[in-house]
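**Student:** just to be clear, the model below is a prediction. Sequence and coordinates:
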Amino acid sequence: MVIADSQAGIGAPAFSTGAPTVGVLGLQGGVREHADLVESLDAHAVQIRKPADLVGPDGARVDALILPGGESSVIDRLARMFGLDAPIREQVEAGLPTLGTCAGLILLAKRLENPAPGQQTLGILDITVNRNAFGPQVESAEATLGTEWGEIRAAFIRAPQIVSVDGAETRVMAHYGDAIVGVERGKVLGASFHPELTRDTTLHQRLLSFVG
Ligand SMILES: NC(=O)CC[C@H](N)C(=O)O
């Protein structure tokens, strides 16, 4: 992964080199795992930590965005602290293909049933999410899901559940038992689970299919 942050000193962002560039929100959580999967698909991964990271030196945006899992209240607080919330919202609403997994799904939701004190979301997907529906970390599980995206090997870790899909344009794509755990609207994908921990590339391939 190329870290698009001069302070990190790992080089310049790899924009406009032919292969698509996928930004991974790099504030907290499973950043490296998503970046590794992106690079296994011959795309570039860059870390997004400040608004300028969303835009390359020649003005080109990243071609797609991933909001990883982690702790959604922490990612939310840091994103607002660094002024990333509005630019992300604007670019996603303008058509930037985006994948949110677990905490990333929570960030995408318009409504949370049990937010942490002061927690906000980007409010992009017209869904209501119960933040820790699948219980504490010890109740985490791995499962193979038959989904509208294809078969996915998924890891659930204190996973959120989509308790309702409130907008007609948002499609239910995946269930785990009776629970809705995957949705899609336009070029925005949201999943309760972690495909990056089981190294399942189905969702990343779907994300890249929206590029260009
Ligand atoms: N693995 C995860 O991303 C867990 C998300 C967690 N439930 C939260 O509120 O952020």
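**Tutor:** Received the coordinates, thanks. Numbering: from 1, shown residues only.
**Student:** tell me, how many residues neighbour the closest residue to P97 other than its chain neighbours?
**Tutor:** Excluding the flanking residues, the one nearest P97 by CB to CB, 6 or more residues apart in numbering is F210, at 3.7 Å. Heads up, the C-betas are built off the backbone N, CA and C, glycines and all. For F210, the number of neighbouring residues by other CB atoms under 10 Å comes to 19.
**Student:** residues touching F210, list them.
**Tutor:** Neighbouring residues of F210 by CB atoms under 8 Å, 6 or more residues apart in numbering: 64, 97, 187.
**Student:** any idea how far the first one is from the ligand?
**Tutor:** Relative to the ligand, A64 is positioned 20 Å away (criterion: CB to the nearest ligand atom, to the nearest Å).
**Student:** how about the closest residue to that residue other than its chain neighbours, phi and psi?
**Tutor:** Distances taken as CB to CB, 6+ apart place P97 nearest to A64, at 4.2 Å, with adjacent residues excluded. Main-chain torsions, P97, degrees, to the nearest 10: phi -60, psi 130.
**Student:** cool, L99 as well?
**Tutor:** Given degrees, to the nearest 10, the pair of backbone angles that L99 has is phi -120, psi 130.
**Student:** who's in contact with it?
**Tutor:** 64-67, 188-191, 203-204, 206-207.
**Student:** with neighbour count and secondary structure added, can I get these in a markdown table?
**Tutor:** Below are the contacts of L99 laid out as a markdown table (neighbours: other CB atoms under 10 Å; DSSP: H, G, I helix; E, B strand; the rest coil):
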| residue | neighbour count | secondary structure |
| --- | --- | --- |
| A64 | 24 | strand |
| L65 | 24 | strand |
| I66 | 29 | strand |
| L67 | 31 | strand |
| V188 | 22 | strand |
| L189 | 27 | strand |
| G190 | 31 | strand |
| A191 | 29 | strand |
| L203 | 29 | helix |
| H204 | 22 | helix |
| R206 | 18 | helix |
| L207 | 25 | helix |
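**Student:** just these now: which is nearest P87?
**Tutor:** Nearest to P87 among the contacts of L99, counting by CB to CB, is L65 at 10.5 Å.
**Student:** checking my notes, I75 in a helix, right?
**Tutor:** Yes. Assessed by DSSP: H, G, I helix; E, B strand; the rest coil, I75 belongs to a helix.
**Student:** for V92, give me the pLDDT.
**Tutor:** Confidence at V92, expressed as pLDDT, is 95.
**Student:** ditto for the one 10 residues further on
**Tutor:** You'll see C102 listed with a pLDDT of 97.
**Student:** which residue is the nearest non-sequential neighbour of it?
**Tutor:** Counting by CB to CB, 6+ apart, C102 lies nearest to G69, which is 3.2 Å off, once chain neighbours are set aside.
**Student:** what helix or strand is V163 located in?
**Tutor:** Per DSSP states H and E, V163 falls inside strand 161-165.
**Student:** helices or strands up against that strand?
**Tutor:** Helices and strands touching strand 161-165, by 3 or more CB pairs under 8 Å, 6 or more residues apart in numbering; DSSP states H and E, are strand 125-130, strand 179-185.
**Student:** can you give me the strands in the chain?
**Tutor:** Assigned by DSSP state E, the strands in the chain fall at 21-25, 44-48, 64-67, 98-101, 109-112, 125-130, 141-147, 150-156, 161-165, 171-176, 179-185, 188-191.
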